[in-house]
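Peer 1: model the structure of this input:
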Amino acid sequence: MKLQISYNFTDLNEALDIARKTADYADIIEVGPLLIYKEGINAIKQFKSNFPKKPIFANAKITASAQNAIGMFAQSGATLISILAGISQNTIKKASDEAKRCGIELVLDIIDIHNAGQFMLDAKHLGIDILLIHNPSSIIDPTELSSQWQSIQGNTKLPLYITDKINRENIHQILSLKPQGIAIGSAITKSDNPHLEAQFFKSLLS
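Peer 2: Next comes the predicted model:
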């Protein structure tokens, strides 16, 4: 199981500073949407320059001009890039073709669709490499994520990653689902001791 650490800041220098303290424990470094909105492809370039041996995930959540966007992010050093599932399947297919041409992986973020299980049936044929599943922001019913997960898992053999508000309180529930990867942001990057938190979460995945 891989640990993806999300650096979702508005200050690039702050993001890089925290990354230097924690990146050793990251299998994948995620440049978060806020940082991309603020700094654009420069954020990808800076992370690639500082961590040349780490896979860099540009969590751009692409919705339009996908082919051009993927080309730009790939040239800047991204090895994975996200696209939203709610856009047209034709656009997703073109994006996946461009990603393969550039030698990078396409991550499908399913935050914007409701019938995730049904959509998974088409994901592989669209050329998707990884599926990004969101943990419900507030789990009033602990079975909510498990129910969604069973629907998704039963309809795909693609790697599944879980993201969004994963912390010490819910990490064991998340791990019990056995995803191929988890993405953790503020529980590590905004803690009092990011290094120790990254070490703690990585130890659970070993």
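Peer 1: what sits against Ile171?
Peer 2: 182, 201, 204 (CB atoms under 8 Å, 6 or more residues apart in numbering). The C-beta positions use only the backbone N, C-alpha and C, and glycine is treated the same way.
Peer 1: now swap in Thr22 and tell me
Peer 2: Listed by CB under 8 Å, 6+ apart, the contact partners of Thr22 are 5, 188-189, 194-195, 197-198.
Peer 1: would you reformat the residues you listed as a markdown table and include distance to Thr79, secondary structure and neighbour count?
Peer 2: Below are the contacts of Thr22 laid out as a markdown table (distance: CB to CB, whole Å; DSSP: H, G, I helix; E, B strand; the rest coil; neighbours: other CB atoms under 10 Å):
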| residue | distance to Thr79 | secondary structure | neighbour count |
| --- | --- | --- | --- |
| Ile5 | 15 | strand | 29 |
| Ile188 | 21 | helix | 28 |
| Thr189 | 20 | helix | 22 |
| Pro194 | 23 | helix | 20 |
| His195 | 24 | helix | 15 |
| Glu197 | 24 | helix | 23 |
| Ala198 | 20 | helix | 25 |
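Peer 1: of all these, which comes closest to Leu160?
Peer 2: Ile5 (18.0 Å; CB to CB).
Peer 1: how far away is that closest one from Ile62?
Peer 2: Distance from Ile5 to Ile62, counting by CB to CB, to the nearest Å: 21 Å.
Peer 1: what does Asn135 give?
Peer 2: Following CB to CB, the distance that separates Asn135 from Ile62 is 22 Å.
Peer 1: re the thing from before, for ChimeraX, what selects the buried ones among the contacts of Ile171?
Peer 2: Listed next is the ChimeraX selection for buried residues among these, using 16 or more other CB atoms under 10 Å:
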select :182,201
